[in-house]
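Novice: build me a structure from this.
(one chain, ligands or ions: 1)
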Amino acid sequence: MHFAGRTWRPPYEAHSVIIQATTGCTYGKCRFCNLYKDECFRMSPMEEFEADLAEIKMYQPDARRIFLTGANPFAMNYENLKLRALTVRDYLIKCRTIAMFASIRDIKDKEVWQLKKLRAMGINGLSIGTESGDDDVLLQAGKGYTADDIRRQCGKLDEAGIEYYFVYMTGLAGKGGGYRNAVNSAKLFSSLNPYFISVDSLTLFPDTELYRMGQRGVFIPAGEKERLLELQTLIKNLEIRTHLFADSASNFYPVTAYLPKEREFVVSELQYVMDTVSEEEMAEYRRGLKSLG
Ligand code: SF4
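Specialist: Next up is the predicted model:
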């Protein structure tokens, strides 16, 4: 298999077959991110992609879901994605789903009819690192799009029937901003149909712009309890039926919930943690984290 650079997949794709379609990120300007700092974006040549499919066919001929690696393979244009989807079918006849990371920017250049065609060819399950739905936070984090962009572009995915997942990041608003961020993000997310929402919590790494802003006092990090309160606020304000996973390593206290059914239980669970664990114990946990995932 051809794997170069950093190969990263979300925890919920653990059962998918992984194949490299791209490496690196087309954007690279999010101020909290150090994931692909030393890599340029590159599309795997079709010969490499096909050779990997042939290898997968030898070992997992019945694979039903594959995950394309890279920060945003959905940046490939319609024709390229179409070619890759059809080529997957040539090798893996039982594959129903081709999932990958996508940025809001990657959806902009695609028409709804193209998205519908891609969906029909098996492209489904886009992980979108929205991080927030609040314009001030999106701007400060350097995401390069607005809440309205998220609404418009994900509305196109809804129209095309493409399933997508949001990533939300607690702490990204900085000290004092978590509550507003959670309320505004919940409002935006509730106007769309994310199949689930995955929650990470900001960890400031020294090779990021946000860390340097912290050093200059331009960004003041939120405390750990504020982040739990932010997560609790997000859960309280989401008005859609969706799953929420806040169980990655970056979360001090891992929770998952099917909303709205388990809302009250998870809200009280988080309250118990806030009431019984000290800020220092939570901060100590974060100091031990080594990467964004
Ligand atoms: S968060 Fe995602 S889009 Fe932003 S720079 Fe990192 S990999 Fe690229």
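
Novice: the ligand contacts on the protein?
Specialist: For the chain, the residues in contact with the ligand (C-beta under 6 Å from any ligand atom) are C25, Y27, G28, C30, C33, L35, Y36, A71, S103, G129. Every C-beta, even on glycine, is put in place using the N, C-alpha and C of the backbone.

Novice: residues contacting the closest residue to the fourth one other than its chain neighbours?
Specialist: Nearest residue to C30 in three dimensions, chain neighbours excluded: G142, at 5.3 Å (C-beta to C-beta, 6 or more residues apart in numbering). Residues in contact with G142, defined by C-beta atoms under 8 Å, 6 or more residues apart in numbering, are K29, C30, R31, E209.

Novice: do the same with K110
Specialist: Taking C-beta under 8 Å, 6+ apart as the definition, contacts of K110 comprise Y78, L118, K156.

Novice: for those residues, which one is nearest M282?
Specialist: Within the contacts of K110, the smallest distance to M282 is 39.1 Å, found for K156 (C-beta to C-beta).

Novice: nearest spatial neighbour of the closest one, chain-adjacent residues omitted?
Specialist: Closest residue in space to K156, ignoring its immediate chain neighbours: V112 at 5.3 Å, by C-beta to C-beta, 6+ apart.

Novice: okay, now the one you found: neighbour count?
Specialist: The number of residues packed around V112, counting by other C-beta atoms under 10 Å, is 13.

Novice: of the contacts of K110 - the most surrounded one?
Specialist: L118 (21 neighbours).

Novice: hang on, that one packs against K82?
Specialist: Yes. In this structure, L118 sits in contact with K82. The criterion is C-beta atoms under 8 Å, and the distance is 6.7 Å.

Novice: restricted to strands, list the residues of the chain next to the ligand.
Specialist: For those, membership in strands holds for G129, with DSSP state E as the criterion.

Novice: and the residue in the stretch 51-200 of the chain that the ligand sits nearest to, what pLDDT?
Specialist: Nearest to the ligand in the stretch 51-200 of the chain, going by C-beta to the nearest ligand atom, is A71, at a distance of 3.7 Å. The score at A71 is 90. That number is its pLDDT.

Novice: in this structure it contacts A21, no?
Specialist: No. Contact between A71 and A21 fails when scored by C-beta under 8 Å: they sit 11.4 Å apart.

Novice: have a look at these two and say which one is more surrounded.
Specialist: Of the pair A71 and A21, A71 is the one with more neighbours under other C-beta under 10 Å, namely 26 against 23.
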